[in-house]
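Enquirer: next input, structure requested:
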Amino acid sequence: MIKQFLQKQFINNKALIIKESGYVQNFMQLIMKQRNTGVKWTKEEKRELKSNLKHLSLYVPLLIIFALPFGSFVLPLLTEIMERRNKEREK
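Expert: Next comes the predicted model:
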């Protein structure tokens with residue numbers, strides 16, 4: 001139930017999230033790293049993602065969820081929504 005609600009909100013705000021994330025250096029590459037390569041984020045990368053998402057939440061308030069405790073558990077949902085390709089890249 002919560003997952004569907006969040007998915008709907010992310011989809012509704014996808015264009016804005018993509019637009020604003022384009023202003024943050026290397027954000028899209030970093031957020032899609034785990035999905036594209038299968039390599040997990042390091043602690044430093046998670047810290048950087050959290051910092052970037054806090055900054056982006058000023059423009060897209062929905063992203064504040066990632067600043068909350070355990071917000072990193074929802075990151076795979078965001079990467080799924082942010083995917084712009086029609087199919088997964090071969091690993």
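
Enquirer: got a list of what the most centrally placed residue in the chain touches?
Expert: Closest to where the C-alpha atoms of the chain average out (Cα atoms, centre = their mean) is Leu78, at 4.1 Å. Residues in contact with Leu78 (Cβ atoms under 8 Å, 6 or more residues apart in numbering) are 10, 31, 66. For the C-beta atoms, the positions are set from N, CA and C on the backbone; glycine is no exception.

Enquirer: what's in contact with stretch 58-70?
Expert: Outside stretch 58-70, the residues that reach it (Cβ under 8 Å, 6+ apart) are 6, 9-10, 13, 16-17, 20, 49-50, 53-54, 56-57, 71-72, 74-75, 78.

Enquirer: kindly recompute the last result at 7 Å.
Expert: With contact meaning Cβ atoms under 7 Å, 6 or more residues apart in numbering, stretch 58-70 is reached by 9, 13, 16-17, 20, 50, 53-54, 56-57, 71, 74-75.

Enquirer: of the residues you listed, which is the most crowded?
Expert: In terms of neighbours by other Cβ atoms under 10 Å, the contacts of stretch 58-70 top out with Leu53 at 24 neighbours.

Enquirer: which secondary structure element is home to that one?
Expert: Secondary structure assignment for Leu53, by DSSP states H and E: helix 43-56.

Enquirer: coming back round to it: mind checking which of the contacts of Leu78 are in helices?
Expert: 10, 31 (DSSP state H).
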